[in-house]
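Asker: Need a 3D model of the sequence below.
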Amino acid sequence: MDVNHEVKLLVRELKRLADGKKNADGNYVVKFGTLFNDDDCANMFEALVGTLRAAKRKKYITYKGEMLLQGAHDDVDIVLLVEEVE
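Answerer: Alright, predicted model coming up:
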């Protein structure tokens, strides 16, 4: 699994799911539940939570907490901090 490639895909998918809308800080924001339940993302990411953790570690995204779990954390905002990944 190429983590950098997965993170690039994640950034693209977060922008798609945000539907071009940014928050007051100028960042794209998507709820974890929206990302987790999206059919395209489910087929694309083998280990979505691991990809999210890698992207957070690289400071491409941020969210509250260490690990997100489906159901319990569906309303947690995932904030995209970069426009694209090199």
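Asker: nearest spatial neighbour of Asn4, skipping sequence neighbours?
Answerer: Val85 (7.3 Å; Cβ to Cβ, 6 or more residues apart in numbering). C-beta here means a position set from N, CA and C on the backbone, and glycine is covered the same way.
Asker: Low-confidence stretches in the chain?
Answerer: 1 (pLDDT under 70).
Asker: if we can go back for a sec, next up, the contacts around the residue nearest to Asn4.
Answerer: Applying Cβ atoms under 8 Å, 6 or more residues apart in numbering, one finds that Val85 lies in contact with 4, 7-8, 11, 60.
Asker: let's see 10 Å
Answerer: 4-5, 7-12, 55, 58, 60 (Cβ atoms under 10 Å, 6 or more residues apart in numbering).
Asker: For it, give its distance to Val3.
Answerer: 11 Å (Cβ to Cβ, to the nearest Å).
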